[in-house]
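Colleague: Pasting the sequence and the predicted model now:
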Amino acid sequence: MKSIKTVSNLVAILLIVGCSSQKANPKVENQSNLAEVKERMSKILFNHVDSDRSKKISEEEFIAYQKEKNELQERRQIERMIESCDKNGDKQISLDEIPQKDPTRPIPVDVMAYEAYKEACYMNRDGFTHFDTNHDNIITFDELANKKAVPMMPYPTVTPVPEDRIKEMERYITEKYSRCDKNSDGKLTLMEATSRICRIPSDEFLEADSNSNNFLTLQEVLNIAKKRVSEEQTIHHVRPIKIPPSAPKEVQLMMSMYKCDTNKDGKLSEVEMTTESCGFSKEDLIANDHNKDGYFSQKDMAIMSMLRQFKQMDRNKDKVLDFSEFMRNGRELIIGI
């Protein structure tokens, strides 16, 4: 962690030197100055990533650096979140420091006001409850870090149906039931239920006729409607994705995360992956468990992304990066330090 901060400081100094040299000599060849600064920055970063000083960067060194950089970025995000809400300066967030209502005012146009807007605490009380894992009405750095480490997968959520909608539904069905009951005997036969007026499917009729007396009461018809409403309560935030059979296994695993993750913890265990509905094998898990924790998770997805970036940079496909390959793409690694 400390080494990345050192690299960050050196990069900042080089940028300042490069910019100041341009301001002092505006007529000097600016492109040459920029190229020189970029090369110096890349050398510093290259030597930092090349931990064994072999003049080559391996996949392991590349991934280790990317992980280190991501951890630093994550730490900074958490620190900024705490700073924006911590009013008494104790490096943690208490419940009384959270606004009573979630402020949703529009982003101001004025630059100074926008800076104040960015610094404002925008955590609401529901968000506080999510992070306060020990329920002591205080959120610490560790609680934020641990919760953020668990991916918040966009799994389906349940939204209660408004009470007035349910009452309106019951009123409508009661009125329609009387019109379906042509002989007004207080019960619907299969012929009445499936008529053009009533339009209850025959399979729903048979399912709702729990006592098998071959007719439906008003309450049984209401039960059909309530079942439909309860099914509508589940709102899927993720559309079903068709997975091409030709896609690589790791891509298929990533796209199957929502379907296969039955306990919704954001990762796939061997049991979840090898179910018939999921359709993967233990070998698939072993091959794609890059961090060797026994699960396929977003951490493994992140490593896959790093490996793809490494392969793109490795132009001669020798599985290491020399300085020329690094120079061509080094700026992408510097961004975000």
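Modeller: Cool, the structure landed.
Colleague: what number of residues lie near the residue nearest to F310 when sequence neighbours are not counted?
Modeller: In space, and not counting its chain neighbours, F310 is closest to F62: 5.0 Å by Cβ to Cβ, 6 or more residues apart in numbering. Where C-beta positions appear, they are placed from N, C-alpha and C, glycine not excepted. F62 has 22 neighbours, counted by other Cβ atoms under 10 Å.
Colleague: Provide a list of residues in contact with F62.
Modeller: For F62, the contacting residues are 49, 306, 310, 321, by Cβ atoms under 8 Å, 6 or more residues apart in numbering.
Colleague: before we move on, which element is it in?
Modeller: helix 59-85 (DSSP states H and E).
Colleague: What are the buried residues along that helix?
Modeller: 59, 61-63, 65-66, 68-69, 72, 78, 81-82, 85 (16 or more other Cβ atoms under 10 Å).
Colleague: Can you report how many residues lie near the residue nearest to M254 when sequence neighbours are not counted?
Modeller: Among residues not flanking M254 along the chain, M301 sits closest, at 5.7 Å (Cβ to Cβ, 6+ apart). Summarising burial for M301: neighbours were counted as other Cβ under 10 Å, giving 17.
Colleague: Is L321 bridged to anything, and to what?
Modeller: I57 (DSSP bridges).
Colleague: What is the burial count for it?
Modeller: 26.
Colleague: Distance of it relative to R53?
Modeller: Distance, L321 to R53, using Cβ to Cβ, to the nearest Å: 14 Å.
Colleague: Now for T217: which residues touch it?
Modeller: 186-188.
Colleague: ugh, wrong one, G294
Modeller: Contact analysis of G294 by Cβ under 8 Å, 6+ apart lists 269-270.
Colleague: and it, that's in a helix?
Modeller: No: read with DSSP: H, G, I helix; E, B strand; the rest coil, G294 is coil and lies in no helix.
Colleague: Local confidence estimate at it?
Modeller: G294 carries a pLDDT value of 92.
Colleague: Correct me if wrong: M306 contacts E61.
Modeller: No: checked against Cβ atoms under 8 Å, the pair M306 and E61 is beyond contact range at 11.2 Å.
Colleague: Low-confidence regions, the stretch 51-200 of the chain specifically.
Modeller: Scanning the stretch 51-200 of the chain for pLDDT under 70 picks out 100-120, 122, 147-162.
Colleague: show me where it has strands.
Modeller: Ranges of strands within the stretch 51-200 of the chain are 57-58, 93-94, 138-139, 157-158, based on DSSP state E, counting those that start in this stretch.
Colleague: what about those, which gets the closest to K167?
Modeller: Among these, strand 157-158 comes nearest to K167, with 20.1 Å by Cβ to Cβ.
Colleague: and T174, what is it in contact with?
Modeller: 218, 222.
Colleague: How much space separates it from F280?
Modeller: Relative to F280, and taking Cβ to Cβ, T174 is found at 50 Å.
Colleague: And T217, its phi and psi?
Modeller: phi -90, psi 170 (degrees, to the nearest 10).
Colleague: quick thing: my sequence starts at 6, can you match it?
Modeller: Sure, I'll start counting at 6 from here, so that last one is T222.
Colleague: wait, which of the contacts of T222 is closest to N218?
Modeller: Nearest member of the contacts of T222 to N218, counting by Cβ to Cβ, is K192, at 8.5 Å.
Colleague: That closest one is in contact with C185, isn't it?
Modeller: No: look at K192 against C185 with Cβ under 8 Å: they stay out of range, at 10.3 Å.
Colleague: Got phi/psi on the residue nearest to M259?
Modeller: Taking degrees, to the nearest 10, you get phi -60, psi -40 for the backbone angles of M306.
Colleague: now it: how far from R45?
Modeller: M306 sits 34 Å away from R45, going by Cβ to Cβ.
Colleague: Please apply the same query to S89.
Modeller: Where R45 is concerned, S89 sits at a distance of 35 Å (Cβ to Cβ).
Colleague: what does E330 give?
Modeller: Between E330 and R45 the distance is 18 Å, computed by Cβ to Cβ.
Colleague: more crowded one of those two?
Modeller: E330 (19 against 15).
Colleague: I'd like the average pLDDT over the helix or strand that the more buried one is a member of.
Modeller: Per DSSP H and E, E330 falls inside helix 328-339. Across helix 328-339, pLDDT averages out at 68.
Colleague: How about the contacts made by the residue nearest to L223 when sequence neighbours are not counted?
Modeller: Spatial nearest neighbour of L223, excluding adjacent residues (Cβ to Cβ, 6+ apart): Y182 at 5.2 Å. Y182 makes contact with 193, 223, 226, according to Cβ under 8 Å, 6+ apart.
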